[in-house]
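In: I would like the atomic coordinates for the input below:
(chains A, B, C and D)
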Protein chains: 4
Amino acid sequence: MAITGVLRPGHVAMRVLELKPALKHYVEVLGLVETGRDDKGRVYLKAWDEIDHHSVVLREADEAGLDYMGWKVASAATLQRLAAEVEASGLASDMAWIPAGEHPETGERFRFTVPTGHVMELYADKGKVGNGCGTDGPDINPDPWPDGLKGIAPSRFDHCLLYGDDLDGTVKLFTEVLGFSVAERVMTSADKNFMIAAFLSCSNKAHDVAFIRQPVKGKLHHASFELGSWEKVLRAADILSRTKTSIDLGPTRHGITRGETIYFFDPSGNRNEVFSGGYIFYPDKPAITWFDETLGPAIFYHDRQLNEAFLSVFT
Amino acid sequence: MAITGVLRPGHVAMRVLELKPALKHYVEVLGLVETGRDDKGRVYLKAWDEIDHHSVVLREADEAGLDYMGWKVASAATLQRLAAEVEASGLASDMAWIPAGEHPETGERFRFTVPTGHVMELYADKGKVGNGCGTDGPDINPDPWPDGLKGIAPSRFDHCLLYGDDLDGTVKLFTEVLGFSVAERVMTSADKNFMIAAFLSCSNKAHDVAFIRQPVKGKLHHASFELGSWEKVLRAADILSRTKTSIDLGPTRHGITRGETIYFFDPSGNRNEVFSGGYIFYPDKPAITWFDETLGPAIFYHDRQLNEAFLSVFT
Amino acid sequence: MAITGVLRPGHVAMRVLELKPALKHYVEVLGLVETGRDDKGRVYLKAWDEIDHHSVVLREADEAGLDYMGWKVASAATLQRLAAEVEASGLASDMAWIPAGEHPETGERFRFTVPTGHVMELYADKGKVGNGCGTDGPDINPDPWPDGLKGIAPSRFDHCLLYGDDLDGTVKLFTEVLGFSVAERVMTSADKNFMIAAFLSCSNKAHDVAFIRQPVKGKLHHASFELGSWEKVLRAADILSRTKTSIDLGPTRHGITRGETIYFFDPSGNRNEVFSGGYIFYPDKPAITWFDETLGPAIFYHDRQLNEAFLSVFT
Amino acid sequence: MAITGVLRPGHVAMRVLELKPALKHYVEVLGLVETGRDDKGRVYLKAWDEIDHHSVVLREADEAGLDYMGWKVASAATLQRLAAEVEASGLASDMAWIPAGEHPETGERFRFTVPTGHVMELYADKGKVGNGCGTDGPDINPDPWPDGLKGIAPSRFDHCLLYGDDLDGTVKLFTEVLGFSVAERVMTSADKNFMIAAFLSCSNKAHDVAFIRQPVKGKLHHASFELGSWEKVLRAADILSRTKTSIDLGPTRHGITRGETIYFFDPSGNRNEVFSGGYIFYPDKPAITWFDETLGPAIFYHDRQLNEAFLSVFT
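Out: Modelled structure (predicted):
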């Protein structure tokens, strides 16, 4: 197999303060599709071009933020192997097996907490519901995009950017145990071995998850969704403004990953991103290094400076 | 490692009738960068965002066409393993080791011929020359694209579409031995198990190589290069028209892979493509199936019919 | 006044063989908005960014084609003056005043036939219905585009291309009496004073109407609608293919006017165009001249040759 | 004539602190073409798609800012008529005729100062140098854009936004004497007849000049240049960042005019804009009205709030 191990970020579970306005945001404005609810009150959603049952899980709670991210792995055997290796690494805590069916149409998940305090899961099975493109049947003679898209309509959940303290430990776990590559990283100039941010890829994407060192545990900076073009980023920005959704920053380009982006907030204050572009990453590509004195253009390539909210606002 | 085995199409070696007009085409119109020549008269080129020494090799010959495609693999050990597995498969012929240095800055290559008659190579090492984006040094604080791009300026060599007879044997070799997935395929309606085209991926791209069943051996339909957007496809079309380059078809969209495309010919009659778009492929995605009665929209989604040249003109 | 006289093409009245499929095409696929019907069975439509009551009029008939084009003029006084000048010119025939209200919400129209056999109308008044962008009231704090657009959703009816025999007479009437400029023209190489096509502007657009010399009277080549970008042309092409609408040609670029275009047919065989781009025209700009041996790139800049249907298929 | 009177903003004359860095900015970064210098040390430039000799005039001075804007009128007779009407209006001061040749290849100019303190000129003649698209000769079989464009490469100088005190007087002069229309305006909520900004059109563009009421005389907020697409705005932003040009704000969309925009500064602090999009304006379109409490989205549709620099920084 050319692509093995961890395949992709398969779901992000987030807490929202109230479900109703959250769903209005995620369904009508962002344009995800609701695919199910469970008896715990959780709502399951997916983006149009994802074929698996869900990629976003929302539940009501007193505080917004990240519950966990789930990673689809290549096979049941891979799941067992990676779970054992995570356990053996000594880098994870709070390990547990979540039984099949706890998420609808989803097999058992191996859950663990990484050194930055984020809860991660590995799983091998999730039911396939298709992307609605094939009018002649699933995966037969498909059109390039389905009729009836609503709102911003990203094609897929793409990655999360997370804030936490033990960046070195988390990067070690993702690279040495889970097989990720560091595509880009930010170091301090004072100590060129001191990493303040890491953008990690398990694929040909420039990042599947990213971490920034901050003196917190388990925090979410943003959950990001993929759009097909810079023009769709403009359209997203227009929809966000018309619906008076709180925009954080953009449209602009990231220096890191080259992505064309806009940041905004769901009604509970969780930051979302929709973006397009980037580059094709390969694991033999040397990591790109940025230094903290160029953090401005690294994050916001056009403004060339961070806005204060970027570092201080998270959930 | 999440990405293992065969990483990407690393080079395509093509024959041209005369080097001078070929270079005018590939350098000034297509916008590749010449990175070297050798004492056999071969010219080595790369696209701007490729970091390896070369991805296109041109040599003068009496007949245009494909000499071989080379595939970058993850490591020297992978190269040895895959070479042994290709040999053991009984599916390949004319196997040979090409010594390191036969291509400049390139390690030893394992060469073999697949059942459709195409010569393929695996290699693990090629010198890195960078993409010109980092003004502070290689891979330090890079800009998203370098100054001084010329012509159409694709970001990378992306894939080839090849014509040959023993499609089943070649697909078996690529999927069972080399770890590729069938992302999309075309079957006959009369016999739904009879495949007439296969689009194969070793990555998150919708295809890294494709084959169409035709009663020939080792033929090239086109070599394709990646552009970042549909607007860049228009710009390419404008440049092709201004330079009176022979355009085959487009701009249009492919049904297969969703790519936004234009086909054109180099002065020797080798077909080139530049394209944008597509989707993110994962190996757990069911193969998309097209049937021959929908081959029109499968290939040219807007015209919904093949032009005669598509099937009959190749090198 | 900086813009005076004839302001714009205000409506095109077309015959269709059956209303029901025609409306499915013009409303659901093209994405016009129905604004009214009258007791003669005519249906009135507009594009979203037009503020007047209608720009397209459809009626059922045994033969498809053009009934007439209507031109909005700057004022009632301008209408009287231009009507008198058309009459005095000796270039028009079948002149008549159509009473106010014959089209809903429309003042009196001065109707006449130009030398190529096309029926034209001038009018000064049409009721304003707005473009749906202002949520605080008409023309107050508007959003850039309204929610709820359907189908291709062009912003406005833009121009017609018409076929007829006495090109010289029609061009003389439009330029010398109605104040249009020849923005671009096609001449024969054999006789450089013999015009075979004229693209006429009464505005800053590269054309508001165009005529091609053909041995017919009063024929319609296409009615064209404006899109905002080349990406919207791709989206239009995708919608046309998904709805199996008959596409004539495109996406491509015109040499003449630089427009980015796709041609297709309504169910009755009337050709439509949606396009983007072009340039800002001023009446002091010298006319661009093409010669018949470059008619290929003039019409289809990328293919550089006419398809047979372009000249032979019209209604 | 359908387009009469004042045709377009034909030139903007600006003061810069040092010519050398200014030219590096306007030629290499913005991508204008130098077309001449005169014995007073002034440099004349044009954008690629302008056919007249110059549209930007730069001279060295101790203070940056606007010297004057020049307006091309339809004919010598129009020039005489409008000059007389400006004089008769009692709204202008400091009127003078500048002799032909004072600008190279330019006929006599009628200069006057409007109530907001800005110097304006009318002229009827300027030499034509073409846009470089016609390889077969001027205006013969042109390509849609010329080879060899540099930098951002806008197609034309489009408009200025100016700051001054007597907004009512200037608007009265432009609308009642010079034939402009108010396309959009900003009023106070407290007094709905009190105008704080006016966007004025003499064409089918949403604005050819705009004024904002500020307690100053003759100040320049920005000089704006036209790009063909939102993707070109991104490309402009990338070029500005790579060349470390000071970006003020953007890429974003204006609510007013719908334009897609980025603001930046020349080395002397004069603000430039490049933008795309907008809508087709007609003089019978009711003026769009914004109120001061929606000035945020009116100016920056995505951020929905003004940045402080927008109002306080000008030259």
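
In: tell me the average confidence for the helix or strand encompassing A:M120?
Out: A:M120 is located in strand A:119-123, with elements delineated by DSSP states H and E. Averaged across strand A:119-123, pLDDT comes to 98.

In: partner strands of the next helix or strand after that strand and their direction?
Out: Counting by DSSP H and E, the next helix or strand C-terminal to strand A:119-123 is strand A:156-164. Its sheet considered, strand A:156-164 pairs with strand A:209-213 (parallel), strand A:219-226 (antiparallel) by DSSP bridges.

In: ok now strand A:156-164, how far from the chain's centre?
Out: On the basis of Cα atoms, centre = their mean, to the nearest Å, strand A:156-164 sits 3 Å off its chain's mean C-alpha point.

In: would you mark the buried spots in the helix or strand following that strand?
Out: Once the chain leaves strand A:156-164, the next helix or strand it forms, by DSSP H and E, is helix A:167-172. For helix A:167-172, a neighbour-count test (16 or more other Cβ atoms under 10 Å in any protein chain shown) marks A:L167, A:G169, A:T170, A:V171 as buried. The way it works is simple: take the backbone N, C-alpha and C, and place the C-beta from them, glycine included.

In: helix A:167-172 and chain B, any residue contact?
Out: No. Against chain B, helix A:167-172 shows no contacts by Cβ under 8 Å from any Cβ of the partner chain, the least distance being 14.8 Å.

In: so after that helix, what's the next helix or strand?
Out: Taking DSSP H and E, what comes next after helix A:167-172 is strand A:181-187.

In: please state the offset of stretch A:120-140 from the chain centre?
Out: 19 Å.

In: export that stretch to CSV, keeping only CA atoms.
Out: Extracted in CSV, the C-alpha atoms of stretch A:120-140 (Å, rounded to 0.1, in the frame of the first residue of the first chain):
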residue,chain,number,x,y,z
MET,A,120,-7.5,11.8,20.0
GLU,A,121,-9.2,8.6,18.7
LEU,A,122,-8.2,6.1,16.1
TYR,A,123,-10.9,4.0,14.3
ALA,A,124,-11.0,1.7,11.3
ASP,A,125,-14.7,1.6,10.3
LYS,A,126,-17.4,4.1,9.6
GLY,A,127,-20.5,3.6,7.4
LYS,A,128,-20.4,5.1,3.9
VAL,A,129,-23.2,7.3,2.9
GLY,A,130,-21.8,8.7,-0.4
ASN,A,131,-21.4,12.2,-1.7
GLY,A,132,-24.6,12.5,-3.7
CYS,A,133,-22.8,13.0,-7.0
GLY,A,134,-23.8,9.7,-8.7
THR,A,135,-27.3,9.9,-10.2
ASP,A,136,-27.0,6.4,-11.6
GLY,A,137,-26.1,4.9,-8.2
PRO,A,138,-23.3,5.2,-5.7
ASP,A,139,-20.0,5.8,-7.5
ILE,A,140,-21.5,5.3,-10.9
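
In: average pLDDT for the top strand by length along chain A?
Out: Selection of the longest strand in chain A by residue count, based on DSSP state E, yields strand A:6-16. Per-residue pLDDT over strand A:6-16 has a mean of 98.

In: stretch A:246-253 too?
Out: pLDDT averaged over stretch A:246-253 gives 96.

In: hang on, the earlier thing: what does the helix or strand that the longest strand of chain A is followed by contact?
Out: Later in the chain than strand A:6-16, the nearest helix or strand by DSSP H and E is helix A:19-23. Residues outside helix A:19-23 that contact it (Cβ atoms under 8 Å, 6 or more residues apart in numbering or on different chains): A:V16, A:E34, A:G41, A:V43, A:L58, A:R59, A:E60, A:D266, A:P267, A:S268.

In: the third one: neighbouring residues, count only.
Out: So the one you mean is A:G41. The number of residues packed near A:G41 is 10, by other Cβ atoms under 10 Å in any protein chain shown.

In: ignoring the adjacent residues along the chain, who's closest to A:G10?
Out: In space, and not counting its chain neighbours, A:G10 is closest to A:K72: 3.8 Å by Cβ to Cβ, 6 or more residues apart in numbering or on different chains.

In: for A:T135, that is, sorry about that
Out: Nearest to A:T135 is A:D143, by Cβ to Cβ, 6+ apart, at 6.7 Å.

In: also A:F194?
Out: Nearest to A:F194 is A:T188, by Cβ to Cβ, 6+ apart, at 4.6 Å.

In: quick revisit: run through the bridge partners of the residue nearest to A:G10.
Out: A:R8, A:Y123.

In: tell me the contacts of it?
Out: When contacts are counted by Cβ under 8 Å, 6+ apart, A:K72 is found next to A:V6, A:L7, A:R8, A:P9, A:G10, A:D52, A:Y123, A:A124, A:K126, B:Y282, B:D284.

In: in this structure the first one contacts A:F180, no?
Out: Yes. The criterion here is Cβ atoms under 8 Å, and A:V6 meets it with A:F180 at 7.2 Å.

In: between those two, what contacts are shared?
Out: A:C202, B:A2.

In: other SSEs contacting the strand holding A:M120?
Out: Helices and strands touching strand A:119-123, by 3 or more Cβ pairs under 8 Å, 6 or more residues apart in numbering or on different chains; DSSP states H and E, are strand A:65-73, helix A:76-89, strand A:109-113.

In: what angle do it and strand A:6-16 make?
Out: 130 degrees (axes from the mean of the first three to the mean of the last three Cα atoms, to 10 degrees).

In: from the stretch 201-315 of chain A, which residue is nearest to chain B?
Out: A:C202 (3.7 Å; Cβ to the nearest Cβ).

In: ok, that residue - how many residues close by?
Out: Neighbours around A:C202, by other Cβ under 10 Å: 30.

In: leaving aside the residues adjacent along the chain, what's closest to it?
Out: B:A2 (3.7 Å).

In: hmm, the one you found is touching A:K205, no?
Out: No. Contact status for B:A2 versus A:K205: not in contact, 10.8 Å apart, counting by Cβ under 8 Å.

In: residues in the stretch 151-300 of chain A within reach of chain D, list them.
Out: A:230-231, A:234, A:237-238, A:240-241, A:244, A:247, A:250-253, A:260, A:262, A:297.

In: is A:A198 in a helix, a strand, or coil?
Out: Judged by DSSP: H, G, I helix; E, B strand; the rest coil, the three-state class of A:A198 is strand.

In: around it, how many other residues sit close by?
Out: 25.

In: what residues are up against it?
Out: So A:A198 contacts A:L167, A:T170, A:V171, A:V182, A:E184, A:R185, A:V186, A:A210, A:F211 (Cβ under 8 Å, 6+ apart).

In: can you name the residues bridging to the spatially most central residue of chain A?
Out: Closest to where the C-alpha atoms of chain A average out (Cα atoms, centre = their mean) is A:H159, at 2.2 Å. With DSSP bridges as the criterion, A:H159 is bridged to A:S224.

In: my read: it touches A:V209, true?
Out: Yes. Look at A:H159 against A:V209 with Cβ under 8 Å: they come within range, at 5.5 Å.

In: tell me, what's touching those two both at once?
Out: A:P9.

In: if you count neighbours, what's buried in the lowest-mean-pLDDT helix or strand in chain A?
Out: The weakest-scoring helix or strand in chain A, judged by mean pLDDT, DSSP states H and E, is helix A:308-312 (a mean of 85). Across helix A:308-312, burial judged by 16+ other Cβ under 10 Å covers A:F310.

In: swap in stretch A:94-111?
Out: A:I98, A:H103, A:P104, A:E105, A:T106, A:G107, A:E108, A:R109, A:F110, A:R111.

In: who touches A:D143 in this structure?
Out: So A:D143 contacts A:C133, A:G134, A:T135, B:G255, C:D238, C:S241, C:R242 (Cβ under 8 Å, 6+ apart).
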